[in-house]
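Engineer: Using only what follows, build the 3D model:
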Amino acid sequence: MLPAGRKVERIERIRDGGSLAVTFESDGGSRYILFVPIQHDGVARYAEPVLIDCDPAKRPPDTDRIRDSELSGPYISISWRQAHDLLNEVTQALVGPLDRFQAQWLEDMIDAVFHDGFPL
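Structural biologist: Okay, here's the model as predicted:
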């Protein structure tokens, strides 16, 4: 069962070429990232979405040379339908206006998820 998206923390486009992410808090205060990775194979599409657990105790420990971000936490693959449902829930939990970048990234993410990774 997927967590409920109750409070959106941020929406972003990752600097890896265009992956999309929305970080949110679920019931009970646990934090997750709905991540839609860009596919780098010459075709304009996204790979299947994943849900990342942001709990720092569950990701690799930082070292002197490597600092792991929340994106390196444990994840599960989810279906496009599950991502659509979760994204719908998360967008309903938005409070306040988004800046123009976040609004565009959210629109891009909705488009990618709605079209199963092949945005228009």
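
Engineer: got the contact list for the host helix or strand of Arg81?
Structural biologist: In this assignment (DSSP states H and E), Arg81 forms part of helix 80-92. For helix 80-92, the external contacting residues (Cβ atoms under 8 Å, 6 or more residues apart in numbering) are 2, 4-5, 8, 22, 24, 34, 36, 48-49, 51, 78, 106, 109-110, 113-114, 116-117. Where you see a C-beta, it was placed from the backbone N, CA and C, and this is true even at glycine.

Engineer: Likewise for stretch 33-46?
Structural biologist: Contacts for stretch 33-46 (Cβ under 8 Å, 6+ apart): 5, 14, 16-24, 47, 49-52, 54, 70-71, 73, 75, 83, 86-87, 90, 109, 112-113, 117-119.

Engineer: Which members of those are classed as buried?
Structural biologist: Buried members of the contacts of stretch 33-46, counted by 16 or more other Cβ atoms under 10 Å: 5, 14, 18-24, 49-52, 54, 70-71, 73, 83, 86-87, 90, 109, 112-113, 117, 119.

Engineer: Restricted to helices, list the residues you listed.
Structural biologist: Those of the buried ones among the contacts of stretch 33-46 mapping onto helices are 83, 86-87, 90, 109, 112-113, per DSSP state H.

Engineer: Pick out the most distant pair among these.
Structural biologist: The largest distance within those, taken as Cβ to Cβ, falls between Val90 and Ala112 and amounts to 14.3 Å.

Engineer: picking up where we left off before, and the helix holding Arg81, how far from the chain's centre?
Structural biologist: Taking Cα atoms, centre = their mean, to the nearest Å, one finds the center of helix 80-92 at 10 Å from the center of the full chain.

Engineer: Where does the prediction get shaky in the chain?
Structural biologist: Counting by pLDDT under 70, the chain shows low-confidence ranges at 67-68.
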